[in-house]
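Student: just a sequence and a predicted model for now, questions to come.
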Amino acid sequence: MEKQPRLLCSELCVQRRPYEVTLNCAILAWKDVQIGQKHTGRAIYGTVKAGSHCVHVCEIIAVQEMEDDSPSKDTGKWQKVPQSPVDCQHTFTVFYIERRTRQHCWRCSNVTFHCPEQSLCLLWVQTIREQLGLLTNRPKRLLVYINPYGGKQRGKQIYDHKVAPIFSQATISTDVIVTERANHARDHLKTEADLKKYDGVVCVGGDGMFSEIMHGLVSRMQQDAGVDESSMEETLVPCGLRIGIIPAGSTDCVCYATVGSNDPVTSALHIVVGDSQPMDICSVHNEDSFLRYSVSLLGYGFYGDVLADSERKRWMGPARYDISGVKTFLSHRYYEGTVSFLPAEGSLGTPRDKMQCLSGCSICRQTSSDRPVSKDEDSVSDAESRDTWTVIRGKFLAINAASMSCACPRSPKGLSPSAHLADGTTDLILVRKCSRIDFLRHLLRHTNKDDQFDHSFVEVYRVKQFRFTPRHQECDSEVDLRENGAGGKRFLSQICREHRACGCMPSQSNWNCDGEILPHTAIQVRVHCQLITLFARGIEEQPVFEDPYTHCAI
Ligand SMILES: CCCCCCCCCCCCC/C=C/[C@@H](O)[C@H](COP(=O)(O)O)NC(C)=O
Ligand SMILES: Nc1ncnc2c1ncn2[C@@H]1O[C@H](COP(=O)(O)OP(=O)(O)O)[C@@H](O)[C@H]1O
Ligand SMILES: [Ca+2]
């Protein structure tokens, strides 16, 4: 049997100019022969510089043999081409990812090579296909759920026009379900879907839709493994299937914070290349009952009120959050209660260290290598006995737990710009009662470069677990907090006496859990490290420029 060459090098035509085309070390490069003679130009990875281009095979979407539909319209330039255009009828097109310089956007680009002989054309197509075949992380079969009512109600259109053609070009087969009601996708995943058939699940919608899919998958995994979700002590089983998000919602924060943009084509391309980004999940309980999971924002006070008000304005689409935001800001309500938390002692970062979680983040990587393998090592009671809880009582405008940055188009750096996607912690942000103008200053800092934590009324802690009890329930939770030591108990008894004396009924907010309102205000939260994986790679720093011949960054 003939051995396939590991290196291919031919002179082929691109747009009627001769190019030296090479496939070497999983990099496809093509260099304009004539320009190459004049300049010592270096190639820029995936783009053009002095007629040189290159692309990693792992960023090739597909290769297709083509009929050459533009044969011999001769021009003066053809005289310099070694083969006559009539000989170059055999063509193949390579579809590959091109990075747009702005906003982490990817696009599908293509280049058509004209070959002098069919056998050479076939050799190129076969060799590239073989190399693509070695990329085992790429999904082949996907289960797609579309929420037709998310965001501006364009989910179906976005999928049909922008995403489905890319999947079909990459020969990914799909089963598509357009949801007919809220929780359709969650229930289908939890009880019906034949998950063995798929390499991943795709969610077309917003954060609410993603939350449905994530709940369906996480619950299914626990059921199948016999893990009891209602117990906070249980170590949850990670999900084997990756989730892709095609943004078509109102906030799209999970997509934005894991990809760097809310662009459907970019997300589709991350799915095609089979990227993986692990992500933490918080479980939220009320006493012994499991309420929900959260991946982005758990917010009481301001964000809870914004969400509760905006639900009544769903017909407005994404603009509802702006209207409700202003209304909630003007109402300036504060809420009393007790927050207790278990600080993330061993964590490598802090919420104010300005170490943004980027693609290949070293903090998340280290966390994953430190993850306990045995069930017992990670149990809640062990953690509690080793570490001590911090208790903070006060009047708050907002209590926010951000398990990831929560960057979104409204706030490009997010609620906690240095939060990590997969470090097993959440950033607990306490905004105490302050003047309207101070709160406005704090809110506005979410939209510019200033540090939103640099205010006397704002505190931020990186935590593994936390609890919240609104003031009017504090008496009931005394038993709950007894284990936190005599000091805590004395403190709470005092609150209860005061409460009985004044007889007032303090107002309550709601918890906004990734865009859903929780039915309880007293909650216990625990972060589960890297429980799910997305088809994403985190936010890339600057595009990597590389010389295709030396493979050095330039
Ligand atoms: C007066 C100026 C105010 C500017 C404040 C800007 C801060 C914006 C930070 C937003 C963080 C959003 C975190 C994500 C939450 C989503 O889960 C949730 C649901 O999103 P969905 O409707 O499903 O896309 N959206 C909201 C606004 O609660
Ligand atoms: N077919 C449907 N009809 C009504 N609601 C749905 C349907 N499919 C999903 N939903 C629900 O719509 C809510 C909002 O969806 P989402 O895609 O997050 O849009 P948005 O970002 O605008 O809130 C989600 O909570 C989801 O459960
Ligand atoms: Ca985290």
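Tutor: Happy to help now that I have it. Ligands and ions are numbered 1, 2, ... in the order given.

Student: sticking with residue 30, tell me its helix or strand.
Tutor: Counting by DSSP states H and E, the element that carries residue 30 is strand 27-32.

Student: what packs against that strand?
Tutor: If contacts are counted by 3 or more C-beta pairs under 8 Å, 6 or more residues apart in numbering; DSSP states H and E, strand 27-32 sits against strand 8-14, strand 17-24, strand 52-56. (Each C-beta comes from the backbone N, C-alpha and C, glycine too.)

Student: next, count neighbours for residue 522.
Tutor: Residues lying near residue 522 (other C-beta atoms under 10 Å) number 21.

Student: again with residue 360
Tutor: Residue 360: 12 surrounding residues under other C-beta under 10 Å.

Student: could I get the pLDDT score of the residue of the stretch 301-450 of the chain found nearest ligand 2?
Tutor: As assessed by C-beta to the nearest ligand atom, ligand 2 sits closest to residue 318 within the stretch 301-450 of the chain, at 6.5 Å. We note a pLDDT of 86 for residue 318 in this prediction.

Student: secondary structure class for the residue in the stretch 251-400 of the chain that ligand 3 sits nearest to?
Tutor: Distances between the stretch 251-400 of the chain and ligand 3 by C-beta to the ion are smallest at residue 280, namely 4.1 Å. Per DSSP: H, G, I helix; E, B strand; the rest coil, the local secondary structure of residue 280 is strand.

Student: wait, it sits on residue 528?
Tutor: Yes. With contacts counted by C-beta atoms under 8 Å, residue 280 reaches residue 528, the gap being 6.6 Å.

Student: look at the residue of the stretch 251-400 of the chain closest to ligand 3 and report its pLDDT.
Tutor: 97.

Student: let me see the contact set for the spatially closest residue to residue 139 that is not a sequence neighbour.
Tutor: In this structure, residue 139 finds its nearest non-sequential neighbour in residue 199, 3.8 Å apart by C-beta to C-beta, 6 or more residues apart in numbering. By C-beta atoms under 8 Å, 6 or more residues apart in numbering, the contact set of residue 199 is 139, 140, 141, 142, 241, 242.

Student: flag every buried residue along the helix or strand hosting residue 299.
Tutor: Residue 299 belongs to strand 297-301 when elements are defined using DSSP H and E. Neighbour-count burial for strand 297-301 flags 297, 298, 299, 300, 301 (criterion: 16 or more other C-beta atoms under 10 Å).

Student: for stretch 276-286, same thing?
Tutor: Of the residues in stretch 276-286, 277, 278, 279, 280, 281, 282, 283, 284, 285 count as buried by neighbour count, 16+ other C-beta under 10 Å.

Student: between those residues, which is nearest residue 122?
Tutor: Each of the buried residues of stretch 276-286 was scored against residue 122 by C-beta to C-beta, and residue 277 proved nearest at 37.0 Å.

Student: any idea of the mean pLDDT in the strand holding residue 30?
Tutor: For strand 27-32, mean pLDDT rounds to 95.

Student: so how far is it from its chain's centroid?
Tutor: Put simply, strand 27-32 sits 32 Å off its chain's centre (C-alpha atoms, centre = their mean, to the nearest Å).

Student: quick one, that strand and strand 52-56 angle?
Tutor: Counting by axes from the mean of the first three to the mean of the last three C-alpha atoms, to 10 degrees, strand 27-32 lies at 170 degrees to strand 52-56.

Student: residues contacting strand 27-32, please?
Tutor: Against strand 27-32 from outside (C-beta under 8 Å, 6+ apart): 12, 14, 17-23, 43, 50-57, 60, 94, 96, 111, 113, 128, 548-549, 551.

Student: restrict the residues you listed to the buried ones and give me that as a ChimeraX selection.
Tutor: Buried members of those, defined by 16+ other C-beta under 10 Å, are picked up in ChimeraX with:
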select :12,14,17,18,19,21,22,23,43,51,52,53,54,55,56,57,60,94,96,111,113,128,548
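
Student: on that earlier part again, overlap between the buried residues of strand 297-301 and the residues near ligand 1?
Tutor: Restricting the buried residues of strand 297-301 to those near ligand 1 by C-beta under 6 Å from any ligand atom leaves residue 297.

Student: which one of the buried residues of strand 297-301 sits closest to residue 353?
Tutor: Nearest to residue 353 among those, with distances taken as C-beta to C-beta, is residue 297, at 20.6 Å.

Student: and the pLDDT at the closest one?
Tutor: At residue 297, the model reports a pLDDT of 96.

Student: and if you look at residue 39?
Tutor: 48.

Student: quick check: domain ranges of this protein?
Tutor: 6-69+82-133, 138-276+535-548, 282-521 (automatic domain parsing).

Student: how far out from the middle of the chain is the first one?
Tutor: Right, the one you point to is domain 6-69+82-133. Relative to its chain's centre, domain 6-69+82-133 lies at 31 Å (C-alpha atoms, centre = their mean).

Student: ligand 1 contacts on the stretch 401-550 of the chain?
Tutor: Contact residues (C-beta under 6 Å from any ligand atom) of the stretch 401-550 of the chain with ligand 1: 406, 408, 410, 411, 415, 443, 444, 446, 447, 512, 514, 515.

Student: which residue is the nearest non-sequential neighbour of residue 449?
Tutor: Per C-beta to C-beta, 6+ apart, closest to residue 449 is residue 413, 7.7 Å.
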